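give me the fold of what follows.
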Amino acid sequence: QVQLVESGGGLVQAGGSLRLSCAVSGSSFRLNAMGWYRQAPGKERELVATITSGSNSNYADSVKGRFTISRENAKNTVYLQMDSLKPEDTAVYYCNARGVWSAPGTFRNFDYWGQGTQVTVSS
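Numbers count the residues shown, from 1 in each chain. This next block holds a predicted model:
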């Protein structure tokens, strides 16, 4: 079993910063790509940023130059540093983790989501 626990959301003024964290716990697994997605009220969930196990990253155009995704493989944790926040960044942010869980004689790919953390940017 693999679990994701997010932290770091909150209320911030426009131009401010927040740092989100997502820790993956469990046993007998290997993480591959990890990422952050967000969903604003009335909108579909959208990609914010992803990062591979080799730390290659990808960003949505709307956050390029303002957000930075990173990961700490030894802690199975992914971070999202959000700077120069705008009101349009307001959303619930979800962590995503993809990987492989294994046991003797078997393995299974997984694709898990965190519970979400609210980020609110006031103007």
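
what bridges to residue 72?
With DSSP bridges as the criterion, residue 72 is bridged to residue 77.

and it, how many residues sit next to it?
Neighbours of residue 72 under the rule other Cβ atoms under 10 Å: 11. The C-beta positions use only the backbone N, C-alpha and C, and glycine is treated the same way.

quick one, what contacts the residue of the chain most remote from its centre?
Note on the chain: the largest C-alpha distance from the chain mean falls to residue 105, namely 31.1 Å (Cα atoms, centre = their mean). Not one residue lies near residue 105 by Cβ atoms under 8 Å, 6 or more residues apart in numbering.

where's it relative to residue 114, distance?
Distance, residue 105 to residue 114, using Cβ to Cβ, to the nearest Å: 30 Å.

likewise for residue 23?
In terms of Cβ to Cβ, residue 23 sits 9 Å off from residue 114.

that older thread, look up how far residue 16 lies from the residue farthest from the centre of the chain.
Taken as Cβ to Cβ, the span from residue 105 to residue 16 is 51 Å.

same thing with residue 44?
26 Å.

picking that back up, give me the more crowded residue out of residue 23 and residue 114.
Counted by other Cβ under 10 Å, residue 23 and residue 114 do not tie: residue 114 has more neighbours, with 22 against 17.

could you tell me the per-residue confidence at that one?
Looking at residue 114, its pLDDT reads 95.

that one: what's it in contact with?
So residue 114 contacts 4-6, 22, 94-96 (Cβ under 8 Å, 6+ apart).

so which pair among those is furthest apart in space?
The span of these, defined through Cβ to Cβ, is set by 5 and 96 at 13.4 Å.

more neighbours, those two?
Ranked by neighbour count (other Cβ under 10 Å), residue 5 and residue 96 place residue 96 first, with 20 against 14.

which residues sit in contact with the more buried one?
Residue 96 neighbours (Cβ under 8 Å, 6+ apart): 34-37, 50, 111-114.
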